[in-house]
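[1] Turn this into a model:
(one chain, ligands or ions: 3)
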Amino acid sequence: MAKRGGGKRKSGRSQKVRVDLRRNKQTRARDQNLTHELLSDEVAAEDAQSNERLSGKGTISRRRTVVGVESDGDQLIRSIDTEGCLEGRVTSFIGLNCQVQAEHDGRHYECTIRGILRTLARDSRSVVVTGDRVLFRPEGDDHQGVVERVEPRHGVISRNSQGREHILVSNIDQILIVASAADPDLKPNLIDRYLIMAERHEIEAIVCINKADLLDITYLEQIAAVYGRLGYPVILTSAVDGRGIDQLRGYLQNRQTAVSGQSGVGKSSLLNVVDCQLNLDTSDISDSNAKGRHTTRRTRLLPMKNGGWVADTPGIRQFELWDVTLEEVDGYFIEFRAFVPYCRFPNCSHTHEQTCGVKDAMAADMIDQRRYDSYLRIREENIFVWKNPARGQT
Ligand SMILES: Nc1nc2c(ncn2[C@@H]2O[C@H](COP(=O)(O)OP(=O)(O)OP(=O)(O)O)[C@@H](O)[C@H]2O)c(=O)[nH]1
Ligand SMILES: [Mg+2]
Ligand SMILES: [Zn+2]
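    Ligands and ions are numbered 1, 2, ... in the order given. Alright, predicted model coming up:
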């Protein structure tokens, strides 16, 4: 599938950043080997804003200049003494510790995270996330270790969580957006939100409507056709009668896929049918207490027997977009793009304006009415469309 543009990239460059260090960190021998540090560009922006002079003498004992090389516009790499370190991939989190699978032999290590990484990150929630490729130092005899460095991320799935970016999983190629025909009801607006997020991060998206056994297939095919016409692959599946599973398996093979969608739509059930070795927990329909409860509680990255990885993510009650401004929303509705040049005003919101290419296209049935309504709804709820405060300041 062809990549669709939309996201904004920042150019790479070197940066010097001063960071506060807690006193006890300064004396640690290991940290003195640092020349480069990992930090998100949000930290760099915050620091630039604070107008700190890099040569300020008064604070030199408590602050240190670190040099980072910005890579892929998003992160700075931390150079460390790599001797004795292993490469690995974060497969899940339990509390503050993460499970890391070593690259060379597939063994799992329970790792803590080097304090300096937390010190440098403004948002502790995204210091290390499931899916990250890391360099870790094994410690002790019992498969434990410490994450020393996080490699630059590509392909992240993120959402807004109370004004901060919550990265659900990183280093994925594609997202499988799972909705259900019924129980819970089909919510196309939620599919549209996930699609905006996928466009924003330039991640390929597959739309999957599960529990196709529960509803009239003609209706589902109509919904599916809307997304199909936009160029998104769409699959109608059932974990109960097995329809669409072979097709789904084909899409997942040899790829790194985040499986996302509301709780109870059957994400884990589908993955269990695609690969019986995964053995994921699913809610039991006969257990009335299980209704509305989140069965999958943490994102887990799992290798599949036929090649590829899947990240089974917990269902999200409300998917709020992160780092998409109100003015950008129309750009992520990919079918609008061709008609925006026909709007009279370059900053047309496609709502009240008289001469509007998007509204005309909808009147001529060239844009689906429901997608347009979805656009309006996302605009109206713009309080949930957060902008990354670091953007445009670095
Ligand atoms: N009829 C029908 N029921 C299904 C299907 N897929 C899953 N279910 C049922 O839906 C319920 C929820 O399935 P899960 O796989 O736990 O859903 P989930 O999306 O992983 O939910 P969270 O982990 O809470 O995010 C279970 O009772 C499944 O048996 C399907 O295709 N058809
Ligand atoms: Mg689940
Ligand atoms: Zn317009």
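
[2] Okay, strands next: where are they in the stretch 151-300 of the chain?
    When assigned using DSSP state E, counting those that start in this stretch, the strands of the stretch 151-300 of the chain occupy the ranges 157-161, 164-169, 174-180, 204-210, 234-236, 256-260, 300-303.

[3] for the chain, what spans make up the helices?
    Taking DSSP state H, the helices of the chain run over residues 23-26, 41-49, 115-120, 188-201, 217-229, 245-252, 267-274, 329-332, 357-363, 369-380.

[4] tell me the contacts of the closest residue to G228 other than its chain neighbours?
    On the basis of C-beta to C-beta, 6 or more residues apart in numbering, the spatially nearest residue to G228 that is not a chain neighbour turns out to be V234, at 4.9 Å. C-beta here means a position set from N, CA and C on the backbone, and glycine is covered the same way. Residues touching V234, when contacts are defined by C-beta atoms under 8 Å, 6 or more residues apart in numbering, comprise I206, V207, C208, I209, A224, A225, Y227, G228.

[5] which of those lies closest to G163?
    The shortest separation between G163 and any of these is 28.8 Å, and it belongs to V207 (by C-beta to C-beta).

[6] Can you go through the contacts of V234 and name the buried ones?
    For the contacts of V234, a neighbour count by 16 or more other C-beta atoms under 10 Å gives the buried set as I206, V207, C208, I209, A224, Y227.

[7] Reformat those into CSV and put pLDDT and distance to ligand 1 next to each item.
    Written out in CSV, the entries for the buried ones among the contacts of V234 read as follows (pLDDT from 0 to 100; distance: C-beta to the nearest ligand atom, whole Å):
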residue, pLDDT, distance to ligand 1
I206, 98, 16
V207, 98, 15
C208, 98, 10
I209, 98, 10
A224, 95, 15
Y227, 97, 19
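
[8] Going by distance to ligand 2, which of the residues you listed wins?
    Using C-beta to the ion, the shortest approach to ligand 2 within those belongs to C208, at 13.8 Å.

[9] Quick check: the closest one vs ligand 3, distance?
    Using C-beta to the ion, to the nearest Å, one gets 31 Å for the distance from C208 to ligand 3.

[10] Hmm, that residue is touching I235, no?
    Yes - counting by C-beta atoms under 8 Å, I235 is a contact partner of C208 at 5.0 Å.

[11] okay, and the common contacts of these two?
    Both C208 and I235 are contacted by G244, L248, under the criterion C-beta under 8 Å, 6+ apart.

[12] what bits of the stretch 51-200 of the chain have low per-residue confidence?
    Across the stretch 51-200 of the chain, the stretches falling below the confidence threshold (pLDDT under 70) are 51-78, 122-124.

[13] Please determine how far L271 is located from ligand 1.
    L271 sits 8 Å away from ligand 1, going by C-beta to the nearest ligand atom, to the nearest Å.

[14] Return the backbone torsion pair for the residue lying closest to that residue once chain neighbours are set aside.
    Residue nearest to L271 in three dimensions, not counting chain neighbours: L278, with 5.3 Å by C-beta to C-beta, 6+ apart. Here the main-chain torsion angles of L278 (degrees, to the nearest 10) amount to phi -70, psi -40.

[15] Please tell me I have it right and L278 contacts S269.
    No - the pair L278 and S269 fails to qualify as a contact (C-beta under 8 Å) at a distance of 10.6 Å.

[16] Of those two, which one has the most company?
    Under the neighbour definition other C-beta atoms under 10 Å, L278 and S269 were set side by side, and S269 has more, 22 against 17.

[17] gap between the residue nearest in space to the middle of the chain and ligand 3?
    For the chain, the residue lying nearest the average C-alpha position, counting by C-alpha atoms, centre = their mean, turns out to be I157 (0.9 Å). If you measure I157 against ligand 3 using C-beta to the ion, the figure is 30 Å.

[18] wait, what's in contact with that residue?
    If a contact means C-beta under 8 Å, 6+ apart, then I157 has I167, L168, V169, S170, I172, I175, M197, H201, I203, A258, S260, T313 as its contacts.
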